[in-house]
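Visitor: here you go, sequence then predicted model.
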Amino acid sequence: MAEQPMFFLFLSAVLFGLGATGVAVRRNPLVMFMCIEMMLNAANLALLTFARYPIAEPRTAGGPLDGPVFVFVVMFVAAAEAVVGLAIIITIFRSRQNVDVDDLSAMKG
Amino acid sequence: MLTAIVLLPIVAAAAVGWLPPSLARRLAFVTALADLALVILAWLNQAPLESYPWIPSLGVEWRLALDGVTGMLAGLAALLVVCALAATTERITRQNEYAALMLLLLGFLQGVFLASNLGVFYIFWELMILPAFLLVGRWGDRKAAFKFFLYTLMGSLAMLLALVIILFGGTALPDLNYATLALHPFSPQIEQVLMILFLLGFAVKIPLFPVHGWQVDTYETSPAPVAAVIAGVMSKAGLYGLLRVGGVFFTSAFANAIPILLTLALVSLIYGSFCALGQTRTRRVLAYSSLAHVAMMTLGIFSLQSVALEGSVLQMLAHGLTTGGLFLLLGYLEDRDLPDDLDQLGGVATPMPVFGLALLLFSMAALGLPALCSFPGELLILTGLYHLSPGSAILASLSLVAAAWFLLRFYQRIAAGSGARLPRLTDLDWREQAVLVPLAVLVIWVGLRPYDWQAIIRAAMMTWGIQ
Amino acid sequence: MFWAALFLPLMVGLTLLFYGPKLGRKLAMSLACGSVGAGFVSSLLTFLHPPQSPDQVLFVWLHLGDAVVDFGALIDPLSITMLLTVTGVGFLIHLYSTGYMADEPEYPRFFGYLNLFVAAMVMLILANNFALLLLGWAGVGFASCMLIGFYQDRPSALMAARKAFVINTFGDLGLMAAVFVLANQGSVAFRDTLATPSDEGAIIVVLGLLVAAYAKSAQFPLHTWLPDAMEGPTPVSALIHAATMVTAGVYLLVRCQPILGSVPEMGALIAAMGLVSAALAATCALAQTDLKRILAYSTMSQLGYMFMACGVGAYGAAIFHLVTHAFFKALLFLSAGTIIHALHGEQNIFKMGGLARVKELSTARWSFLIGGAALAGIFPLAGYFSKEEILTAVHHDGVTQALFYGGLLTSAITAFYFGRAYILVFWGDREHEHPHAATALMNGACWVLLLLTVGAGAALGWPTNPTLEHYLHAVPVAGNLGEGLLLMCATALPGLGLAYAMFKTRPDGPAKGAIFRWAEQGWALDDVQRMLVIRPLQVLGRMFGRNIEDAVSHSMPDRVGSTAVQAGSELGLMQNGLLRTYALVLLTGLMGAIVYLLWQVQG
């Protein structure tokens, strides 16, 4: 099944595209947040794929666990990010009763 | 000892900033006085050069030296800050911050004057802008302060570029010590570029036409003691830099460009003189007359004649004394709520005879009356210049006639006249007089016995390699 | 010894300026007079016991390159003569001033500057080199300026002071130019530069010296400050603008005669310019209505004679006339001062008249008469001998006789305007109420000067025995008493006679003609100067100070600043604050980067 990694990579790309589109078009920060998670996980999928199916001659030094380690790092970062992000969103909601990101344009030039 | 001269005010400034205002000013005054005493002691004991490693990778060494010229300028800086702090009244708010900034300015100025390493010189040169900017901005005018900051920053950036070229431009210098720089001549092309960059940096600070735009606003809006220090000492830092860095290390590039440089300084001189002729505000007359005077000193430096160089240094001292004194005197008028318009003033000397005499002394000294401090310097500068270019010397000396006109007018419009329209005035009290005494004594001393000072200058310049 | 003549007045002058009001009137005035008197005594002692070496150095003042400038004095007959004249006349005028300024509340300031003036003048005379000479040279200009502007509540006085100072500063530049040239040749000391004058640059030195001398001695075309300087108190006019400071130019030329001699072609120019000044001033004096301005123009005219003498090389005669002129012109000014004082400040001669009948003014009347007669050149008064000597020297010079005849004509005009002034002031039957009596000291000073005016000429310069010229080691002018008397009959007497004929009826006002008005305005040279020099400078000053400065220091930098701010705010509009826009831009950028990288890898 030489074609197999292509399916995973394709799925990863689709997930990433969906996530990116979501971030770009949605106005609810929670949904945007979920989309970001989706993009991160798309990346994770790609990382695992390359770990499972290594390219013929690895150009750089590294072991077979490089990919999974990266994935764990990403998951930790995503968890930390969720903590901070959700806290921000809740604070904004408390102060404004509304979390539409289009209304949060204080940084407008 | 030399390190103490530089660090004492800086360290004290940190303490002064936290003290209650009235105490702060007193402590600052005592610190500046101690700094002055240190300079004098160091000079009397011929304090040896001090050198500690600092940033070896960039060739920067904490290296301080005090000779006749740098000692004189450091002494002038300390003296003027002492006088400025003593002349500061309760009209200045937040005196603890004010006094701390003054001390910082003093410390950085001492760093500029005493540095014997181009890196140290540059660091203090940059640092100097900060307290000056804050002093002008907080107690003067914000716009003037920004203008000052932007102009001087532009000059500093040019200098930074020059430093980068020296460090990384293919010249293999072990360090940036003055002694090393004097031993390693640059290639002509690099030297020319460096000269232009440094010239820009110094020209802003001196200032020379056409980069003098910050000067008038700064002198006009900042509190009188601040203006006295900036006009009296900070412009000397520019001239000193031009002489020390430009005149010693880039001599051949300077020598090649003498016609252009002389023209530049002459234009500045004539421009300043003409502008001063038409002014009606007290501070502006002084600002433009300063512009003309520093142009005269620049002329002396550009001529690269040893006579004229000696004259320029002597004139730096003289100009520091007269400008400092005149700005402090104007400050006294402002303390008495008098207008700054020459057309509305007049007759101040009748109720305030001591003030009148002091104003006369300092304005006559400024216009170059013989037997007072500016005359020997001007004579030296012009004699040296005459040797190089008789025409420029004659042209430059004509500016003395203009100075006679506008400074005498300045004096008469303030002190002479009937003065019927003025409110009741009280003459200078003992504190205000005491501030002026050291300046006045030096004004007369330098004028009557200039050789005492010329000998010191000459000896120092010999060690720099100027014959 | 002679240093006392410099330092005593200097110290006392500074003391009076700073502590004068605390000293009290008596003490202040005695100090002022005493110091100048002591200066005179020390000059006298120096005259009797001149030092062994003429060069007396106190300390090194400055190094002008290789030229060492000593703070030193040159004591020779010329400087001793000048010293005696200046301190002597100065002392008398100080005495006179104690009476004249008795009612002036600001007397410490007056005496302080008067003493500073004497000190500066002594410095000028003593200096043994050009740079130190410059010190005194500019010092007298400064003191003179402060004294002209003494009456501070008069704007015209302040203006006159400023004018005098600026023109004098311009003159100082001439001397400075000489210093530049000489210093670059290696020495500015008189002993070197005068002993062996160098031809190189001599023309610049001479021109510089002439500019300096013309400005200080109020010679055409730098004379316009002198008539205005009469705004000062009358003793000041007597001391500074008649007897001492204005003669410094003559002293300078006499001192520098070797340098002048190295450019012989300048002699004729100097002599001709001297005649121009003498004649110009005499014609102006004809038309003045202000007593002091008559004397001012007459001073300028007499100085013109001295310059003529210098031009033809009769330096001894120039100094002789300088000395006698100091006596009789000081006398004239002091008596004029007494009259003005008596009439409570009235200076217009047409409002005087009838003063011969005022008993209090008899000393002033005799002083004015004798002083004026000496001015007109009447035998045997001092002015006769010195003026005849100058005219004889010009006659013998033989370059051109036009100078000689011009001198004669001017001499006649001099006699005429003196006659006019005397008749208008003293004759007639006008009554004056409560004339202000002169004090004994004022009259005493006048008497001493009167005696000098009568006797000094014959004593110092009898044609067959010119004592002064022998003393100065100058080449004496071979004069002849008979010829001189003949000249007097040909010039002074007709002048006086014409004055008598025209003014014996004593008209009530000045003549009305246009030429007359023109002459009264000093031939409108003041206006010419204003149009050609002052106005253009003012216009340029305004142009530089307002327009150009505004462009260079304000609008141009401001434009740079505002452009940056503008650009910033326009670029800032790209930050629209919408998160999704940022995300989109970010993704687009990322996409672009990936595409670019892939394309690179492929290529």
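Guide: Everything's here; your move. These numbers come from a predicted model, not from an experiment.

Visitor: any weak-confidence spans in chain B?
Guide: Flagging of chain B using pLDDT under 70 yields the residue ranges B:170-171, B:419-423, B:466-467.

Visitor: hey, where'd the helices end up in chain A?
Guide: Chain-ordered helices for chain A, with DSSP state H as the definition, fall at A:4-25, A:29-52, A:66-96.

Visitor: deepest in the core, which of these is it.
Guide: With neighbours taken as mean count of other C-beta atoms under 10 Å in any protein chain shown, the helices of chain A reach their highest mean count in helix A:29-52, at a mean of 18. For glycine as for every other residue, the C-beta is placed from the backbone atoms N, C-alpha and C.

Visitor: ok, and what's touching that helix?
Guide: Applying C-beta atoms under 8 Å, 6 or more residues apart in numbering or on different chains, the external contacts of helix A:29-52 come out as A:5, A:8-9, A:11-16, A:18-23, A:26, A:64-68, A:70-71, A:74-75, A:78, A:81-82, A:85-86, A:89, A:92, A:99, A:101, C:579.

Visitor: measure C:R517 to chain A for me?
Guide: In this structure, C:R517 and chain A are separated by 75 Å, where distance is defined by C-beta to the nearest C-beta, to the nearest Å.

Visitor: what does that residue show for phi and psi?
Guide: phi -60, psi -40 (degrees, to the nearest 10).

Visitor: do you know how far it is from C:L286?
Guide: Here the distance between C:R517 and C:L286 works out to 12 Å (C-beta to C-beta, to the nearest Å).

Visitor: and those two? Which one has more around it.
Guide: Under the neighbour definition other C-beta atoms under 10 Å in any protein chain shown, C:R517 and C:L286 were set side by side, and C:L286 has more, 20 against 13.

Visitor: re earlier: turn the helices of chain A into JSON lines, columns for mean pLDDT.
Guide: Formatted as JSON lines, the helices of chain A follow (pLDDT from 0 to 100):
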{"stretch": "helix A:4-25", "mean pLDDT": "88"}
{"stretch": "helix A:29-52", "mean pLDDT": "89"}
{"stretch": "helix A:66-96", "mean pLDDT": "89"}
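
Visitor: export those helices as CSV, with columns for distance to B:F355.
Guide: As requested, these are exported to CSV (distance: least, C-beta to C-beta, whole Å):
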stretch, distance to B:F355
helix A:4-25, 74
helix A:29-52, 70
helix A:66-96, 62
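
Visitor: max-length strand in chain C?
Guide: Under DSSP state E, the strand in chain C containing the largest number of residues is strand C:55-64.

Visitor: find the nearest non-adjacent residue to C:G479, please.
Guide: With sequence-adjacent residues excluded and distances taken as C-beta to C-beta, 6 or more residues apart in numbering or on different chains, C:G479 is closest to C:P463, at 3.6 Å.

Visitor: thought the one you found was touching C:G484?
Guide: Yes - with contacts defined as C-beta atoms under 8 Å, C:P463 counts as touching C:G484 at a distance of 6.8 Å.

Visitor: can you list residues touching both of the two?
Guide: Shared between the contact lists of C:P463 and C:G484 (criterion: C-beta under 8 Å, 6+ apart) are residues C:F385, C:E388.

Visitor: what sits against residue 13?
Guide: Assuming you mean chain A. Contacts for A:A13 were tallied using C-beta under 8 Å, 6+ apart; they are A:A42.

Visitor: look at chain C instead
Guide: In this structure, C:G13 makes contact with C:F111, C:G112, C:Y113, C:L114, C:N115, C:L116, C:F117, C:V118, C:A119, judged by C-beta under 8 Å, 6+ apart.

Visitor: of those, select the buried ones using a ChimeraX command.
Guide: Only the buried members of the contacts of C:G13 enter the following ChimeraX selection, criterion being 16 or more other C-beta atoms under 10 Å in any protein chain shown:
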select /C:111,112,113,114,115,116,117,118,119
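
Visitor: can you put the contacts of C:G13 in JSON lines and add secondary structure, pLDDT and distance to B:D217?
Guide: What follows is the contacts of C:G13, written out as JSON lines (DSSP: H, G, I helix; E, B strand; the rest coil; pLDDT from 0 to 100; distance: C-beta to C-beta, whole Å):
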{"residue": "C:F111", "secondary structure": "helix", "pLDDT": "90", "distance to B:D217": "44"}
{"residue": "C:G112", "secondary structure": "helix", "pLDDT": "89", "distance to B:D217": "39"}
{"residue": "C:Y113", "secondary structure": "helix", "pLDDT": "91", "distance to B:D217": "38"}
{"residue": "C:L114", "secondary structure": "helix", "pLDDT": "90", "distance to B:D217": "43"}
{"residue": "C:N115", "secondary structure": "helix", "pLDDT": "91", "distance to B:D217": "43"}
{"residue": "C:L116", "secondary structure": "helix", "pLDDT": "91", "distance to B:D217": "39"}
{"residue": "C:F117", "secondary structure": "helix", "pLDDT": "92", "distance to B:D217": "41"}
{"residue": "C:V118", "secondary structure": "helix", "pLDDT": "92", "distance to B:D217": "46"}
{"residue": "C:A119", "secondary structure": "helix", "pLDDT": "92", "distance to B:D217": "42"}
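
Visitor: out of the contacts of C:G13, which touch chain B?
Guide: Taking C-beta under 8 Å from any C-beta of the partner chain, there is no overlap between these and the neighbourhood of chain B.

Visitor: hmm, which two among the contacts of C:G13 are most spread apart?
Guide: When these are compared pair by pair using C-beta to C-beta, the farthest-apart members prove to be C:F111 and C:A119, with a separation of 12.5 Å.

Visitor: which intervals of the stretch 351-500 of chain C have sub-threshold pLDDT?
Guide: Low-confidence regions of the stretch 351-500 of chain C, defined by pLDDT under 70, span residues C:398-399, C:478.

Visitor: okay, and C:M488 sits in which element?
Guide: Of the helices and strands defined by DSSP states H and E, C:M488 is found in helix C:481-503.

Visitor: tell me which residues are up against that helix.
Guide: With C-beta under 8 Å, 6+ apart as the test, helix C:481-503 has contacts from C:376-379, C:384-385, C:388, C:391-392, C:408-409, C:411-420, C:422-424, C:427, C:463-464.

Visitor: go on, stretch C:142-161?
Guide: Under the criterion C-beta under 8 Å, 6+ apart, residues B:347, B:349-350, B:360, B:364, B:369, B:408, B:412, B:416-418, C:106, C:109-110, C:113-114, C:116-117, C:120, C:162, C:164-165, C:168, C:225, C:228-233, C:236, C:240-241, C:245 lie in contact with stretch C:142-161.

Visitor: neighbours of whichever residue of the stretch 401-550 of chain C sits closest to chain A, how many?
Guide: Among the residues of the stretch 401-550 of chain C, C:D550 lies nearest to chain A; the distance is 33.0 Å by C-beta to the nearest C-beta. The local packing count at C:D550 equals 12, with neighbours defined by other C-beta under 10 Å.

Visitor: can you tell me the SS state at B:M234?
Guide: Secondary structure assignment for B:M234 (DSSP: H, G, I helix; E, B strand; the rest coil): helix.

Visitor: about what we covered before: and which of the contacts of C:G13 is nearest B:Y98?
Guide: Checking these against B:Y98 with C-beta to C-beta, the nearest one is C:G112 at 39.0 Å.

Visitor: was I right to think that closest one contacts C:M11?
Guide: No - with contact defined as C-beta under 8 Å, C:G112 and C:M11 do not form a contacting pair (11.0 Å).

Visitor: among the contacts of stretch C:142-161, name the buried ones.
Guide: Judged by neighbour count, with 16+ other C-beta under 10 Å as the criterion, the buried members of these are B:347, B:349-350, B:360, B:364, B:369, B:408, B:412, B:416-417, C:106, C:109-110, C:113-114, C:116-117, C:120, C:162, C:164-165, C:168, C:225, C:228-233, C:236, C:240-241, C:245.
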